[in-house]
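Novice: I would like the atomic coordinates for the input below:
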Amino acid sequence: MKLVKSGDGVEYEAPGHIHCYVMNKLVIGKDTKKMNLGISHFLPKGGAEMGAAPVERAYYVMSGKIKVTGKKGEDYTVGTGDVIYIGPGEEREIKVIGTEPSTILVIVTPP
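Specialist: You can find the predicted model right below:
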């Protein structure tokens, strides 16, 4: 078992993310064998550029609201309590909706 307290973790500068603060809570190879778990705090007008990763990702919105847009133009509004799954290699863009910050629990598994 491993307990990670509220203020614990490793700061991470996520490439292509705008107005965003990321704290990795569990890191593959250091804390776990099969997943990363992080918290992303996006300010209003924040988000992430269109991009893909070779990993599975799930975003659980803890507060606020985001729009996730796929490469083919599909849009998903994801609010507090909602989860969106993004498969390996799937491109996505994220934008905060509204004037409130958004906090997202991010779970990533290796390919």
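
Novice: may I have the secondary structure class of the closest residue in space to Asp31 that isn't next to it in sequence?
Specialist: Spatially, and ignoring its direct neighbours in sequence, Asp31 is nearest to Lys2 (5.8 Å; CB to CB, 6 or more residues apart in numbering). Using the backbone N, CA and C atoms, a C-beta is placed for each residue, glycine as well. Assigned by DSSP: H, G, I helix; E, B strand; the rest coil, the conformation of Lys2 is coil.

Novice: now do the contacts for Pro88.
Specialist: Pro88 is in contact with 53-56, 111, counting by CB atoms under 8 Å, 6 or more residues apart in numbering.

Novice: dihedrals phi and psi, it?
Specialist: phi -60, psi 130 (degrees, to the nearest 10).

Novice: could you point out which element follows the helix or strand of the chain with the lowest mean pLDDT?
Specialist: Lowest on mean pLDDT, DSSP states H and E among the helices and strands of the chain sits strand 10-12, with a mean of 93. Using DSSP states H and E, the helix or strand that directly follows strand 10-12 along the chain is strand 17-26.

Novice: so what does that next one touch, helix or strand wise?
Specialist: Packed against strand 17-26 by the contact rule (3 or more CB pairs under 8 Å, 6 or more residues apart in numbering; DSSP states H and E) you find strand 10-12, strand 36-51.

Novice: check which residues of the least confident helix or strand of the chain are buried.
Specialist: Buried residues in strand 10-12, defined by neighbour count with 16 or more other CB atoms under 10 Å: Tyr12.

Novice: all further residue positions should be reported with the first residue as 663.
Specialist: Noted, 663 is the first residue going forward, which turns the last one into strand 672-674.
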